[in-house]
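Asker: need coordinates for the below:
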Amino acid sequence: MPNAPEPARTPPIDARPAPDERPDPAAVHAQVLLDSAGLARSIPGSSVPVGPGLEWARSGAMALTGESEGPPGFAGGGLATAARGAGQALAALAPGAGFEALDAPALLGERAALFGFGRRGRGSCGGSARLVAARDGALAVNLPRDDDWRLLEAWLEAPLGDIEARRDWAAVEQAIAKREAAGLVERGREIGLAVALAVPACDAPPRPFRLEHATRSAAPERGASSRNLRRPRVLDLSTLWAGPLAGALLAQAGFDVLKLESASRPDGAREGVPAFFDLLHAGKRGGTLDLAARRDREVFIRLLDAADVVLESARPRALAQLGFDASAWVGARPGRLWASITGYGRDHEWIAFGDDAAVAAGLAFDPEGDRLRFCADAVADPLTGLYAAVAIAGLQSEGRGGLLSLALAEVAAHAAGAGGGAELVLPRRLREGAWTVLDGDGAETVAPPRARPAVAAAPALRPIEPALVEAWTRPC
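Answerer: Take a look at the predicted model:
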């Protein structure tokens with residue numbers, strides 16, 4: 001009598017079965033994101049498998065990694081795979097919203113495409129950050145604001161002359177070279193500088209997001225008529241890149257997003273290329289408020305009370321100093337979701353931007369050697385924007401609320417684990433003036449960064465209109 005056949009087993013990703021049998025690493029990562037949020041959704045298995053190395057070459061972010069005069073570099077993890085996975089998760093959560101056509105990996109290089117940035121090795125694409133050698137290691141120093149340069153003498157405890165006017169990185173590097181890296185990072189964070197130790201990637205990636213003070217309301221049945229349902233309202237208080245990108249993706253998914261800015265300190269991203277700001281805020285309504293004025297503060301409280309989701313990227317104490325408590329807000333009505341984007345989590349007040357947060361996540365180390373270089377352009381920002389949109393859309397679809405926390409450094413570290421570590425580095429060569437990567441028997445040119453066309457202009461910077469407040473706060 002013949003033995004009974006063994007049950008079929010799904011081969012692991014790193015077992016490298018035949019190409020037509022391999023699971024798509026991006027689809028696997030999409031399912032990881034949905035599972036991490038506790039969502040009972042599944043990703044269709046119809047996507048074509050693409051290895052993390054080739055995905056990186058196609059994304060446009062590889063062209064932004066490495067020395068300016070050298071070859072483009074590979075990422076220290078499956079970052080483009082993670083981006084495409086997040087796009088697939090959004091497509092599963094919002095079918096018919098156009099996410100099937102979203103080129104999510106290209107979002108990693110979108111800002112660089114519009115600003116004309118290129119790779120600069122130990123300098124960030126945007127020019128505000130450097131990887132600097134200390135006595136016992138290296139750290140990322142990010143100085144995008146005038147105030148940052150004014151703090152340098154206090155930070156380094158050394159006379160630097162008119163360093164703010166000169167923007168003299170050589171003087172900064174000379175002062176840092178004499179000090180211990182960990183002490184510099186600790187002191188820099190205490191006084192409000194965006195600094196991070198250059199560390200290798202962690203073996204066990206952190207959670208992509210955290211949900212505390214969880215609540216649940218009755219979610220509308222899937223497939224029910226939307227005639228009598230209003231769109232979920234998102235009060236977008238975020239600035240710069242990660243939060244605004246999440247808000248734009250939520251607007252595409254059908255959320256009613258209201259971009260609210262400070263009248264005295266508007267979103268700093270307005271100072272950049274207008275086309276990029278338009279991409280981050282197309283599909284939103286908007287206006288400004290002055291929270292120092294009693295009437296505007298009353299309007300803000302009305303908007304907060306009407307919101308289903310608050311999306312913000314301030315340090316935890318910023319709104320608390322104004323008298324607003326995130327945990328109390330989510331507890332006042334089941335299903336409310338407060339999404340907080342920080343550099344290192346709500347337990348810390350440390351400043352972070354996308355470039356230095358990526359260094360803290362271990363992405364400064366070149367997988368082809370021990371060299372240090374920045375990985376793409378502030379890559380933690382667009383990754384966090386994608387992750388935040390997935391988490392918010394998914395939790396809201398099931399009526400789940402709470403205090404949702406996403407940290408730039410943790411998201412970047414989690415995304416680096418996408419793809420299981422296979423095919424992170426592929427053969428590479430210069431051919432007819434263009435860099436190519438070799439995959440099997442074929443070669444593919446390393447793609448330049450690219451940007452989506454803006455479909456609408458961002459809301460104008462002007463006081464919020466009373467009619468908009470009335471419409472947005474109107475009950476169902």
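Asker: now name the helix or strand holding Gly161.
Answerer: Element membership for Gly161 (DSSP states H and E) is empty, with no helix or strand holding it.
Asker: neighbours around it, how many?
Answerer: For Gly161, the tally of surrounding residues (other CB atoms under 10 Å) stands at 10. C-beta: built from backbone N, CA, C; applies to glycine.
Asker: which helices and strands sit right next to the helix or strand encompassing Ala170?
Answerer: Here Ala170 sits within helix 169-176, counting by DSSP H and E. With contacts taken as 3 or more CB pairs under 8 Å, 6 or more residues apart in numbering; DSSP states H and E, helix 169-176 sits against strand 129-134, strand 137-142, helix 152-156.
Asker: for Ala214, which of these is the nearest?
Answerer: Among the helices and strands packed on helix 169-176, strand 137-142 comes nearest to Ala214, with 33.8 Å by CB to CB.
Asker: would you put the C-alpha positions of the helix holding Ala170 in PDB?
Answerer: Output of helix 169-176 as PDB, limited to C-alpha atoms (Å, rounded to 0.1, in the frame of the first residue of the first chain):
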ATOM      1  CA  TRP A 169      30.100  72.400   7.900                       C
ATOM      2  CA  ALA A 170      33.900  72.000   8.100                       C
ATOM      3  CA  ALA A 171      33.900  73.800  11.400                       C
ATOM      4  CA  VAL A 172      31.000  71.600  12.700                       C
ATOM      5  CA  GLU A 173      32.800  68.400  11.600                       C
ATOM      6  CA  GLN A 174      36.000  69.600  13.300                       C
ATOM      7  CA  ALA A 175      34.300  70.200  16.600                       C
ATOM      8  CA  ILE A 176      32.400  66.900  16.500                       C
END
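Asker: max-length helix in the chain?
Answerer: helix 380-397 (DSSP state H).
Asker: for it, buried residues please.
Answerer: By neighbour count, with 16 or more other CB atoms under 10 Å as the criterion, the buried positions of helix 380-397 are 380-397.
Asker: picking that back up, quick one, the helix holding Ala170 and strand 129-134 angle?
Answerer: 40 degrees (axes from the mean of the first three to the mean of the last three CA atoms, to 10 degrees).
Asker: off-centre distance for helix 169-176?
Answerer: Helix 169-176 has its average C-alpha position 30 Å from the chain's average C-alpha position, going by CA atoms, centre = their mean, to the nearest Å.
Asker: can you list the buried residues in it?
Answerer: Buried, per 16+ other CB under 10 Å, within helix 169-176: 171-173, 175-176.
Asker: what is the mean pLDDT for the longest helix of the chain?
Answerer: Confidence over helix 380-397 (mean pLDDT, whole number) is 97.
Asker: then the next helix or strand after it to CSV, C-alphas only?
Answerer: Past helix 380-397, further along toward the C-terminus, the next helix or strand under DSSP H and E is strand 400-407. Listed in CSV are the C-alpha atoms of strand 400-407, where the atom choice follows Å, rounded to 0.1, in the frame of the first residue of the first chain:
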residue,chain,number,x,y,z
ARG,A,400,-11.9,51.2,15.6
GLY,A,401,-10.5,54.2,17.3
GLY,A,402,-7.7,55.1,19.8
LEU,A,403,-4.4,56.9,19.9
LEU,A,404,-2.4,55.7,16.9
SER,A,405,1.3,56.3,17.1
LEU,A,406,3.8,56.1,14.2
ALA,A,407,7.5,56.9,14.6
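Asker: angle of strand 400-407 against helix 380-397?
Answerer: Using the same axes, to 10 degrees: strand 400-407 against helix 380-397 is 170 degrees.
Asker: going on from strand 400-407, what's the next piece of helix or strand?
Answerer: Following strand 400-407 in sequence, per DSSP H and E, is helix 408-416.
Asker: for that next one, name the packing helices and strands.
Answerer: Right, helix 408-416 is packed against helix 79-93, helix 354-360, helix 380-397 by 3+ CB pairs under 8 Å, 6+ apart.
Asker: I'd guessed Asp236 sits against Val257; true?
Answerer: Yes. Using CB atoms under 8 Å, Asp236 is in contact with Val257, at 5.4 Å.
Asker: need the overlap of contacts for those two.
Answerer: Here Asp236 and Val257 have 247, 284 as joint contacts, going by CB atoms under 8 Å, 6 or more residues apart in numbering.
Asker: the more surrounded of those two?
Answerer: Asp236 (31 against 28).
Asker: need phi/psi at that one.
Answerer: phi -90, psi 100 (degrees, to the nearest 10).
Asker: excluding chain neighbours, give the residue nearest to it in space.
Answerer: Gly247 (4.1 Å; CB to CB, 6 or more residues apart in numbering).
Asker: low-confidence ranges in this structure?
Answerer: Within the chain, the ranges that satisfy pLDDT under 70 run 1-21, 45-47, 219-229, 421-422, 441, 476.
Asker: how about the residue nearest the centre of it, what does it touch?
Answerer: The chain has Thr384 as the residue nearest its centroid, 2.3 Å off, counting by CA atoms, centre = their mean. For Thr384, the contact set (CB under 8 Å, 6+ apart) comprises 242, 246, 341, 406-408, 411-412.
Asker: what about the strands in the stretch 151-300 of the chain?
Answerer: Ranges of strands within the stretch 151-300 of the chain are 194-197, 210-216, 233-236, 256-262, 285-289, based on DSSP state E, counting those that start in this stretch.
Asker: could you say which of the helices and strands packed on helix 169-176 is packed most deeply?
Answerer: Among those, strand 137-142 has the highest mean neighbour count (mean count of other CB atoms under 10 Å), at a mean of 23.
Asker: from Ala91, how far out is Val390?
Answerer: As defined by CB to CB, to the nearest Å, Val390 lies at a distance of 10 Å from Ala91.
Asker: same check, this time on Pro52
Answerer: Distance from Pro52 to Ala91, counting by CB to CB: 20 Å.
Asker: same check, this time on Ala133
Answerer: Distance from Ala133 to Ala91, counting by CB to CB: 44 Å.
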